[in-house]
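>>> please work out how this folds:
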Amino acid sequence: MFRSIRSRIAIPYVVLILMIMLGLGIYLSNLVRQDYLANLEAQLTVAARMISDAVGPELSNYTNSDAVDALAKRYAQLLGMRVTIIAPDGTVLGESDENRVLMDNHLTRPEVAQALAQGVGTSTRLSNTVKYQMMYLAVTEKSGQQVVGIARVALPLKQVETDVRQLQSAVMGATLLATALAILLATWIAERISHPLRELIEAVEHMTDRGLKEKRIPSHLIPSTSDETGKLTRAINTMASELQSQFGALESERSKLMAVLHEMTDGVIIVDNQGQVQLINPAAENMFGIALADVQGHTLAEVLRYYQLVELWQSSQDTGKVQNATLEIGDRHLYLQVIATPLGQALPGSILLLFQNLTRLRQVEKLRRDFISNISHELRTPLASLKAVTETLQEGALDDPPAARRFLQSMETEVDALSLMVSELLELSRIESGQVPLKFQALSPIDLMTQAVDRLHLQAERADLSITVDYPTELPSILADPSRLEQVLVNLLHNAIKFTSSGGAINVQACLYKNGQDEECILFSVRDTGIGIPAVDLPRIFERFYKVDRARSSGGTGLGLAIARHLVEAHRGKIWAESVEGRGSTFYFTIPLAH
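The predicted structure follows:
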């Protein structure tokens, strides 16, 4: 009802006019009625005193009631009123309108009783005789101090009611006319006031629809008035300019913040004082395998089911200080350092959880320790052997030429092993650091396999092993460095020959294959029937110096598979192995096609 400013102006105005006119009508109706009644009462008083004065002196001489009754009728005709003459005891002596004989005693009539008590009595009531509203006025007539009679006159109130109703009708008509005029005037005034405001609302909505890209209200939408609405328009223009400037600054800061959060490698989660997650960046999503849509409206305990994090958040919130802890997530193989920081005035009650992924550092540290341990172990044997040979020669073996030659040959073998180890370490280091330039060219997979098998064919025959090569009739060319990729195949074939018992078989294959990105490539495989690799050791065989057991590691440095892995990855390929202990192994690697 009061949703618009027009209704808020027009409706109260119309209601006020209507109430005023109705109140005025009621007041005037009552005023006119009272005035009519007062005039009527004065008229009746004059008539009653005139009748009393006329008939009073002779009233005691009347013995014939019919004469008094005739006198009442005559005065009624003269005055146009009902006239009643009553004895002091209440007996009706004369009646102008009715049969006095049938009328009851009037001593109890209000106007009669009041007249006897005060000299004059009035009453407005329903007549028991004629059955309609009348005004009665009675006066006493005295002879000396004795009341000899009562003259009562009466007039019906029909005319009074008629006149009052006419007045009320006139007032009602005036009220309706005034109300109609008030409605028109209120509507016009409301329209004059609300129209500029509607123009202003349209202009502000126009700015809002454009996201405050317009700093000011367009001139064609500015209200044409110069009153308070115009002042409001200028104020809104000023405010819009300020808001646009502030929004621009906030949007710039927000973009910077979101860019930083999006590009951060550290995970970020913001939790409010109720424990609900408010923000999470992509790094944290990747760490825990969750999405922003899954965390909104949920608590930290529901999103990340790690009690250490909940305790860390609670501790930081309780103390208001920075807290940190380490968290190891076994199912995702992550090692994280978590720092909980209260955001203070920026976001009161909220805690920033920063997740630093230390998994790679821990792996590097572990690899460093393993490398030092492995190389120390690998160097210990040849160095101990050289030390023993040297001491033996110093203790007199030089005087025995055959023994001396044997010891010197042993020293040469150990030095060759050390030289091979250093050479392979340098080679691996150069490959890992990208210092070995690869000369890519289109290469036939069949030629590559044939050359590698030819190089190790005699070694396989001496070990009583058979080598077979399988491939389709036609294979597309690959993009590779021939010498480096041949080195990969040779390393794999050398391992297969070394760890396959006499009478075993080795199979080399190549075929067309689709990798995980659904791209075509060539899949090479080297399958042997050797001793196999335990399942627990299979994931680590491509690490430097990693050896499964002494039987498998004899005669090698433990670097061949690591070199093969880095060379394959340098060709944008992938290498892996499958094995069943005691039943042989199969090594696979992929190389992209030459396009």
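
>>> and stretch 40-50, how far out from the chain middle?
87 Å (C-alpha atoms, centre = their mean, to the nearest Å).

>>> could you dump it to PDB, C-alpha only?
Taking C-alpha atoms only, stretch 40-50 is exported to PDB below (Å, rounded to 0.1, in the frame of the first residue of the first chain):
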ATOM      1  CA  LEU A  40     -37.900  25.300  18.600                       C
ATOM      2  CA  GLU A  41     -37.700  25.300  22.400                       C
ATOM      3  CA  ALA A  42     -37.800  29.100  22.400                       C
ATOM      4  CA  GLN A  43     -40.800  29.100  20.100                       C
ATOM      5  CA  LEU A  44     -42.600  26.500  22.200                       C
ATOM      6  CA  THR A  45     -41.800  28.600  25.400                       C
ATOM      7  CA  VAL A  46     -43.400  31.700  23.900                       C
ATOM      8  CA  ALA A  47     -46.400  29.800  22.700                       C
ATOM      9  CA  ALA A  48     -46.800  28.000  26.000                       C
ATOM     10  CA  ARG A  49     -46.600  31.200  28.100                       C
ATOM     11  CA  MET A  50     -49.000  32.900  25.700                       C
END
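
>>> got the contact list for it?
Contacts to stretch 40-50, defined as C-beta atoms under 8 Å, 6 or more residues apart in numbering, come from residues 79, 81, 120, 122, 135-139, 151-155, 160. The way it works is simple: take the backbone N, C-alpha and C, and place the C-beta from them, glycine included.

>>> what is the lowest-pLDDT residue among these?
The pLDDT minimum for the contacts of stretch 40-50 sits at Val160, where the score is 69.

>>> what helix or strand is Ser123 on?
strand 120-126 (DSSP states H and E).

>>> what helices or strands is that strand leaning on?
Under the contact criterion of 3 or more C-beta pairs under 8 Å, 6 or more residues apart in numbering; DSSP states H and E, strand 120-126 touches helix 5-59, helix 110-118, strand 133-143.

>>> report the buried residues of that strand.
Val120, Gly121, Thr122, Ser123, Thr124 (16 or more other C-beta atoms under 10 Å).

>>> same question for stretch 290-307.
Ile290, Val295, Thr299, Leu300, Val303, Leu304, Tyr306.

>>> in CSV, list those residues along with distance to Ala235 and secondary structure.
Formatted as CSV, the buried residues of stretch 290-307 follow (distance: C-beta to C-beta, whole Å; DSSP: H, G, I helix; E, B strand; the rest coil):
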residue, distance to Ala235, secondary structure
Ile290, 47, coil
Val295, 42, helix
Thr299, 44, strand
Leu300, 45, helix
Val303, 46, helix
Leu304, 49, coil
Tyr306, 54, coil
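
>>> in those residues, find the pair that's most separated.
Greatest spatial distance among the buried residues of stretch 290-307 (C-beta to C-beta): Val295 and Tyr306, at 14.2 Å.

>>> what pLDDT is listed against the residue nearest to Gly121 when sequence neighbours are not counted?
Distance criterion C-beta to C-beta, 6 or more residues apart in numbering; nearest residue to Gly121, sequence neighbours excluded, is Gln114 at 3.0 Å. Listed pLDDT for Gln114 reads 88.

>>> same deal with the one 3 residues further on?
The predicted local distance difference test score for Ala117 is 86.

>>> and it, how many neighbours does it have?
Other residues lying near Ala117 total 10 when counted by other C-beta atoms under 10 Å.

>>> from Ile183, how far off is it?
Ala117 sits 56 Å away from Ile183, going by C-beta to C-beta, to the nearest Å.

>>> look up how far Ser350 lies from the nearest residue to Thr265 once chain neighbours are set aside.
Using C-beta to C-beta, 6+ apart and skipping the chain neighbours, the partner closest in space to Thr265 is Ala283 (5.7 Å). As judged by C-beta to C-beta, Ala283 and Ser350 stand 19 Å apart.

>>> Asp464: neighbour count?
11.

>>> switch to numbering from 551
Will do, 551 is the new start, and the previous item becomes Asp1014.

>>> from memory it sits against Ile1056, does it?
No: judged on C-beta atoms under 8 Å, Asp1014 makes no contact with Ile1056 at a distance of 11.8 Å.

>>> so what pLDDT did Ile925 get?
If you check Ile925, the pLDDT there is 65.

>>> Val1058 too?
Note on Val1058: pLDDT of 94.

>>> that one is in contact with Asp1020, isn't it?
Yes: using C-beta under 8 Å, Val1058 is in contact with Asp1020, at 7.3 Å.

>>> more neighbours: these two, which one.
Neighbour totals were compared for Val1058 and Asp1020, and Val1058 leads with 22 against 12 (other C-beta under 10 Å).

>>> now do the contacts for the more buried one.
999, 1002-1003, 1017-1020, 1039, 1043, 1074-1077.

>>> also Asp585?
So Asp585 contacts nothing (C-beta under 8 Å, 6+ apart).

>>> if I look at it, how far off is Met684?
For Asp585, the distance to Met684 - C-beta to C-beta - is 18 Å.

>>> ok, now Thr658?
Counting by C-beta to C-beta, the gap from Thr658 to Met684 is 17 Å.

>>> more neighbours: the two, which one.
Neighbours per residue (other C-beta under 10 Å) separate Thr658 from Met684, with Met684 holding more: 19 against 9.

>>> thought the more buried one was touching Met631?
No: between Met684 and Met631 there is no contact under C-beta under 8 Å: 10.0 Å.

>>> which residues do those two both contact?
Shared contacts of Met684 and Met631 (C-beta under 8 Å, 6+ apart): Ala704, Leu705.

>>> can you tell me the element the nearest residue to Ile1028 once chain neighbours are set aside falls in?
What sits nearest to Ile1028 in space, not counting adjacent residues and going by C-beta to C-beta, 6+ apart, is Ile1141, at 4.6 Å. Secondary structure assignment for Ile1141, by DSSP H and E: strand 1134-1142.

>>> A strand includes Gly1123, no?
No: remark: Gly1123 does not belong to a strand; assigned using DSSP: H, G, I helix; E, B strand; the rest coil, it is coil.

>>> show me the helices in the stretch 701-850 of the chain, by range?
Per DSSP state H, counting those that start in this stretch, the stretch 701-850 of the chain carries helices over the ranges 708-759, 778-813, 832-838, 842-845, 850-853.

>>> out of those, which comes closest to Leu908?
Here helix 832-838 is closest among the helices of the stretch 701-850 of the chain (C-beta to C-beta), at 11.7 Å.

>>> if we can go back for a sec, distance check, the residue nearest to Thr815 against Val818.
For Ala833 relative to Val818 (C-beta to C-beta), the value is 7 Å.

>>> tell me who's in contact with the closest residue in space to Val872 that isn't next to it in sequence.
Leaving out its chain neighbours, the residue that sits closest to Val872 by C-beta to C-beta, 6+ apart is Thr891, at 5.1 Å. By C-beta under 8 Å, 6+ apart, the contact set of Thr891 is Ser866, Val872, Ile901, Leu902, Leu904.

>>> now intersect the residues you listed with the helices, please.
Residues from these lying in helices, with DSSP state H as the criterion: Ser866.

>>> what about the nearest residue to Asn1045 once chain neighbours are set aside, neighbour count?
Closest residue to Asn1045 apart from its sequence neighbours, by C-beta to C-beta, 6+ apart: Gly1110 at 6.4 Å. Neighbourhood size, Gly1110 [other C-beta under 10 Å]: 20.
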